[in-house]
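> Model the structure of this input:
(2 chains)
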Amino acid sequence: MRTWRTSPYLLFVLALCLGFLSACSLLSPEASFAPSHPEKLGPGRPLCSSCHESELLSGARKPYASFDHTPTFLKDHGLSAGRDAGTCASCHGQSFCSDCHSGKTMIPPAVLLGNRPDRAVPHRAGYLSYHQIEGKIDPVGCYTCHGRANNQRCAACHK
Amino acid sequence: MAFNQKKEEPAVSTEKKSRLAEQDYKLSWKITRSIQFSGHYAERNFKDFFAGTNLPSLFRQIETEKYKAQSALLTLGVDKPYQFVADYRRAKRESNGESTRSGAEFRIIPTTFKLKSGLAYHRITAAEVPLIGGTVAFYSLSHSEARLWLLHDGGGYYLSLDAVSYSFDDRNNPLLNGEPKAYLGVASVGIRPSKAFTLSGDVSYGMNSLYKKEVRGLLRIEFHFGGNKGGGK
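Predicted coordinates for the structure are as follows:
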């Protein structure tokens, strides 16, 4: 077994890496993102490529089309949210994301967004009775939001 | 108690375990302007998750467990008023066996007419899972799910309807209390007298294994402060 204590060099290398990473983020292209989207959008989910021709989105160095809000993009939005957060922020306020992601709002997303059936909310109302089955089949999707933080409600049954 | 504390030794897996706790791979492919495909592979080795506590938590259910999933999503008509989305997902848990979820959603999102609608069907086939100390030795989690929704947004007001039904194969499933079907309907009306203010109300009616009849009413008042962010949401 290798322990941390036996390798002081490792700590030094780690510190160096962290240093580089933070330096990189200071120089990162994120700074060049527009703070807000200059153009009003129509209702519904935007297809960036319908207005922006095939040039690259400068901040993210990716074609605009890769941010088209297609069902595929929405299903995997976590991926873009992690890498190109600056792009999202030009249109979405934090509260938009918290509708689904905040563990502090003690309202399940299905209730909060019950008036928006077109939105892909993670679970419908009345979910408590059905979650046991879905959770058994495929629990990994649940951990993106539960299990790390908002556990109070769950702890009533899951001791 | 929601979690069965398993006392017996876990079956020894012959498969060599990877030392990576979490792995995810995604492939997204825009085939033509209106056809898009994406594939996803995920693997979790719960024993390799770092945990700062030895208290049992939702996050570390069965420490030795391994989980793998593959999924695919195909969208036809990305930029058209008629959209068709087909999805498939196969997951395998060491403790609960293999399951697949497949289905499709058809959406009509016209640009001129203000009524959007969607119709979806999914079939979930899952392995039988053991029931410890129950009347049956195994029970099945397989089920189908159907959904229909409508949304009419007239600008200053909107109306919506959302109906979901679940139908489970095995009425001996102890989680269902002998009720293999579940339904839920939500009707909603809202007015938006100004951009910053919305007043809406929902009525939902449902039948499930916990409640024979469940009626809920909800009144929502929303204010948007400082929401003057261009095309922001």
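> Tell me if B:A69 really is in a strand.
Yes. Counting by DSSP: H, G, I helix; E, B strand; the rest coil, B:A69 is part of a strand.
> For B:L20, see how far away it is.
Note on B:A69: its distance to B:L20, by Cβ to Cβ, to the nearest Å, is 15 Å. (Each C-beta comes from the backbone N, C-alpha and C, glycine too.)
> Could you do B:A104 as well?
33 Å.
> can you check A:H146 too?
Relative to B:L20, and taking Cβ to Cβ, A:H146 is found at 22 Å.
> Which one's more surrounded, these two?
A:H146 (19 against 10; other Cβ atoms under 10 Å in any protein chain shown).
> which SSE is that one in?
A:H146 belongs to no helix or strand when assigned by DSSP states H and E.
> Quick one: the strands in chain B, in order.
B:22-32, B:35-45, B:66-76, B:82-93, B:97-108, B:115-126, B:128-130, B:138-140, B:143-153, B:157-168, B:181-194, B:197-207, B:214-223 (DSSP state E).
> Within its sheet, name the partner strands of the fifth one and how each one runs.
Based on DSSP bridges, the pairing partners of strand B:97-108 within the sheet are strand B:82-93 (antiparallel), strand B:115-126 (antiparallel).
> any residues touching the first one, and which ones?
Right, strand B:82-93. A:71, A:137-140, B:65-77, B:98-109, B:122 (Cβ atoms under 8 Å, 6 or more residues apart in numbering or on different chains).
> For that strand, buried residues please.
B:83, B:85, B:87, B:89-93 (16 or more other Cβ atoms under 10 Å in any protein chain shown).
> The last one now?
Buried residues in strand B:115-126, counted by 16+ other Cβ under 10 Å: B:116-118, B:120, B:122, B:124-126.
> mind checking which of the strands of chain B is nearest A:R153?
strand B:214-223 (17.1 Å; Cβ to Cβ).
> can you give me the mean pLDDT across the closest one?
Confidence for strand B:214-223, expressed as mean pLDDT, is 86.
> Just after the lowest-mean-pLDDT helix or strand in chain A, pick out the following helix or strand.
Least confident helix or strand, chain A: helix A:8-26 with a mean of 42, by mean pLDDT, DSSP states H and E. Moving toward the C-terminus from helix A:8-26, the next helix or strand (DSSP H and E) is helix A:48-51.
> hmm, who's touching that next one?
Applying Cβ under 8 Å, 6+ apart, the set of residues contacting helix A:48-51 is A:39, A:57, A:63-65, A:67-69, B:79.
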